[in-house]
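Asks: Structure here, sequence nowhere to be found:
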DNA sequence: CTGAAAGCGCTAACAC
DNA sequence: GTGTTAGCGCTTTCAG
């Protein structure tokens, strides 16, 4: 029995007699044989694995995404090579180390700016790339409408009757932070509300671009210290910061919906536990969709890039006060999680 | 110039003249050449990558672990193949699909029971395996002393003067759940406290072995419904459940430290945000250590397996009441997180 | 120090 | 249907 035949069996090649096939399979099983993926990859120039670059500096975000990726990937026979980037600055270094020619059939790239240099390289290598939460003209991408989301969030606050509205933002170096600021300002302007400049707060922290509980806590303390000039509602640029903000309020003996209303952004898992009203980003779905897109992209690389945009959805819970009655956050959560 | 020489350059082989080396490097750079990992792997029978099996059904746990793994791994030139298992029952299936001969140099296996069948297979393939949060006599392992942890937690409650102490547990099918129950009972018994059987609550939910916010919420509601027979303190088997429990208390207009004291288990990130007193499991560290161990294990496979055990550490925050003053959870968190 | 050649384990094209 | 053979892109002897 030739090696070629064995190979055919393991590749479901039609021209193998049923008898031979069974025999091969039986022996293979007894010997615990499995084709060597590397040899296979070398020979057929396809590796059945994809590389995923995820930002390890956005804990909650990447968890959901990874979940989505993994979930969809398990439907295809494909392995996942994970590269966690700990800091935005490391992107290039990571890319350099991992943009490994021939190692993977495709790459998923999340939440970080894809340097042109590498974009060019991937194109040249003909490796399909799908972007999530970031944009590059050359590749398929799934992004979130930050401006629109922030606009909706602010609008919600306004519709509840708030007149003195602030924003608690992350570091303005970050693109999403800037976009969210714009959306916020647009809504406020449209409503004809005057806005005290001191209500525009953002973090200066370089750490995680300011998307941390700590910045939320500290900036909210600053709001609190304003006394009567304090806004009655604040749009917080991320849930994780909102959690910090909530803690600050509590420490100051202020009550959330009543003294200061809060709307967050992201809808991380805890948001529902805490009853946080927020803008939902479909992270799990984006991860899952990205995989799907990558798979089809692997079939044809020629079609022009398609860019898909998601609009965050307002999830009303109990941190915005006024006409909202407090909810049971636990039962609420059921309608939200798509990850289970 | 021969292909062999190029190879030598890329492998830092000493016997290449400096001049040739420079020339190769220069050209390689211009051509954007990188050795093909698969071809390389095939030739040298080493792949420079490890497989990680993580339970995707323990969100917070695996995040920390992955973080630790990734962090340590980046110090070594090694790629990470990730396999997320969505349910304990899938372990065998996953293993079958991914216990891929020759694909990886080692495997990290987390929080799930390693079936003997696969253990044998790995041993035969001489693939080093390191276990975390689970045990098998044949492999190195890092585990957590659940019994001791629960014991400490209960002891803490007792030391605060509580006499009526309950346990809010996960599904007893789960090993950690059972161990934590034992530790709890041991402490209570030692203290000579009588324990009303109705204070021993556990989830029957198969989902995530009952380690969910929902079970915490529901079971705490049952405690609350006990009226005067209600315990004054309860040990909750996991932080995620504790979060649900906290919500239940809040919904019932009960105050946490005062009406019911709570101590959790895990010390997930949010624990500090919520001021939850809990038992810290060094998840990040275990991930990191596991990688280190695997690396040395790859050097010599003959040494007998070493089993390392961690004792969870009590982290006192504000959910246990009595002599504890409320803390600022945010600033508190700084002393706890090891993940940044 | 460098080139040539064997082989890593498989796939695919080609004969039979 | 099945055996044979030429690579896949690299590492690693072995000569020189």
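Replies: Nice, I can see it. Just so you know, these numbers come straight off a predicted model, no measurement behind them.

Asks: Distance of the residue of the stretch 51-200 of chain A found nearest DNA strand D relative to DNA strand C?
Replies: Nearest to DNA strand D, among the residues of the stretch 51-200 of chain A, is residue A:102, at 6.4 Å (Cβ to the nearest atom of the strand). C-beta here means a position set from N, CA and C on the backbone, and glycine is covered the same way. Computed as Cβ to the nearest atom of the strand, to the nearest Å, the residue A:102 to DNA strand C distance reads 13 Å.

Asks: Excluding chain neighbours, what is closest to that residue?
Replies: residue B:36 (4.7 Å; Cβ to Cβ, 6 or more residues apart in numbering or on different chains).

Asks: Would you check that that neighbour makes contact with residue A:101?
Replies: Yes: using Cβ atoms under 8 Å, residue B:36 is in contact with residue A:101, at 6.3 Å.

Asks: and the residue in the stretch 151-300 of chain A positioned nearest to DNA strand D, what does it touch?
Replies: Closest contact between the stretch 151-300 of chain A and DNA strand D, by Cβ to the nearest atom of the strand, is at residue A:298 (17.7 Å). Contact analysis of residue A:298 by Cβ atoms under 8 Å, 6 or more residues apart in numbering or on different chains lists A:105-106, A:128.

Asks: Of the residues you listed, just say which sits nearest to residue A:65.
Replies: residue A:106 (16.0 Å; Cβ to Cβ).

Asks: quick one, phi/psi of that closest one?
Replies: Backbone torsions for residue A:106, taken as degrees, to the nearest 10, come to phi -170, psi 160.

Asks: ditto for the one 10 residues further on
Replies: With angles defined as degrees, to the nearest 10, residue A:116 sits at phi -60, psi -40.

Asks: Quickly find the element holding the closest residue to DNA strand D within chain A.
Replies: The nearest approach of chain A to DNA strand D comes at residue A:4, 2.5 Å away (Cβ to the nearest atom of the strand). For residue A:4, the host element (DSSP states H and E) is helix A:3-10.

Asks: ok, that helix near chain B or not?
Replies: No: contact of helix A:3-10 with chain B (Cβ under 8 Å from any Cβ of the partner chain) is absent, the minimum separation being 12.8 Å.

Asks: Who are the packing partners of that helix?
Replies: helix A:18-31 (3 or more Cβ pairs under 8 Å, 6 or more residues apart in numbering or on different chains; DSSP states H and E).

Asks: Next, the angle from the helix or strand that the helix it packs on is followed by to helix A:3-10.
Replies: Per DSSP H and E, helix A:18-31 leads on to helix A:37-44 as the next helix or strand towards the C-terminus. Using axes from the mean of the first three to the mean of the last three Cα atoms, to 10 degrees, the direction of helix A:37-44 lies 100 degrees away from that of helix A:3-10.

Asks: Mind listing what's buried along helix A:37-44?
Replies: A:37-38, A:40-42 (16 or more other Cβ atoms under 10 Å in any protein chain shown).

Asks: Kindly report the same for stretch A:280-297.
Replies: Result for stretch A:280-297 [16+ other Cβ under 10 Å]: buried residues A:280-291, A:293-295, A:297.

Asks: Could you tell me which of these belong to helices?
Replies: Of the positions in the buried residues of stretch A:280-297, A:283-291, A:293-295, A:297 sit in helices, assigned by DSSP state H.

Asks: May I see the residues you listed organised as TSV, with distance to residue A:261 and pLDDT added?
Replies: Listed next are those as TSV, based on distance: Cβ to Cβ, whole Å; pLDDT from 0 to 100:
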residue	distance to residue A:261	pLDDT
A:283	25	90
A:284	28	91
A:285	28	94
A:286	28	94
A:287	31	94
A:288	33	96
A:289	33	96
A:290	34	97
A:291	38	97
A:293	38	96
A:294	41	96
A:295	43	95
A:297	43	94
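
Asks: Tell me who's in contact with the closest residue in space to residue A:73 that isn't next to it in sequence.
Replies: Spatial nearest neighbour of residue A:73, excluding adjacent residues (Cβ to Cβ, 6+ apart): residue A:291 at 5.3 Å. Contacts for residue A:291 (Cβ under 8 Å, 6+ apart) come out as A:50, A:68-69, A:72-73, A:76, A:108.

Asks: Buried subset of the residues you listed as a ChimeraX selection?
Replies: The buried subset of the contacts of residue A:291, as determined by 16+ other Cβ under 10 Å, is captured in ChimeraX by this line:
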select /A:50,68,69,72,73,108
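
Asks: Give me the subset of the contacts of residue A:291 that lies in strands.
Replies: Assigned to strands by DSSP state E, the following of the contacts of residue A:291 qualify: A:50, A:108.

Asks: ok, and which of the contacts of residue A:291 reach DNA strand C?
Replies: Among the contacts of residue A:291, no residue sits close to DNA strand C (Cβ under 7 Å from any atom of the strand).

Asks: Pull the number of nearby residues for the residue nearest to residue A:102.
Replies: Residue B:36 is flanked by 17 other residues according to other Cβ atoms under 10 Å in any protein chain shown.

Asks: Need the pLDDT of it.
Replies: On pLDDT, residue B:36 comes in at 92.

Asks: about what we covered before: closest one of the buried residues of helix A:37-44 to residue A:179?
Replies: Taking Cβ to Cβ as the measure, residue A:179 sits nearest to residue A:41 out of the buried residues of helix A:37-44, at 40.3 Å.

Asks: right, and that closest one touches residue A:48 too?
Replies: Yes: in this structure, residue A:41 is within contact of residue A:48 by Cβ under 8 Å, at 7.3 Å.

Asks: Residue A:195: what's it in contact with?
Replies: Going by Cβ under 8 Å, 6+ apart, residue A:195 touches A:165, A:185, A:188.

Asks: would you list the residues you listed in a markdown table and tack on secondary structure?
Replies: Below are these laid out as a markdown table (DSSP: H, G, I helix; E, B strand; the rest coil):
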| residue | secondary structure |
| --- | --- |
| A:165 | strand |
| A:185 | helix |
| A:188 | helix |
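
Asks: Going by distance to residue A:317, which of those wins?
Replies: Once Cβ to Cβ is applied, the member of these that ends up nearest residue A:317 is residue A:165, at 18.3 Å.

Asks: the helices in the stretch 201-340 of chain A, which residues?
Replies: Here the stretch 201-340 of chain A has its helices, by DSSP state H, counting those that start in this stretch, at A:213-224, A:239-251, A:256-259, A:269-274, A:283-299, A:329-334.

Asks: Let me have those helices in JSON lines, adding distance to residue B:60 as columns.
Replies: Listed next are those as JSON lines, based on distance: least, Cβ to Cβ, whole Å:
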{"stretch": "helix A:213-224", "distance to residue B:60": "15"}
{"stretch": "helix A:239-251", "distance to residue B:60": "14"}
{"stretch": "helix A:256-259", "distance to residue B:60": "24"}
{"stretch": "helix A:269-274", "distance to residue B:60": "9"}
{"stretch": "helix A:283-299", "distance to residue B:60": "16"}
{"stretch": "helix A:329-334", "distance to residue B:60": "15"}
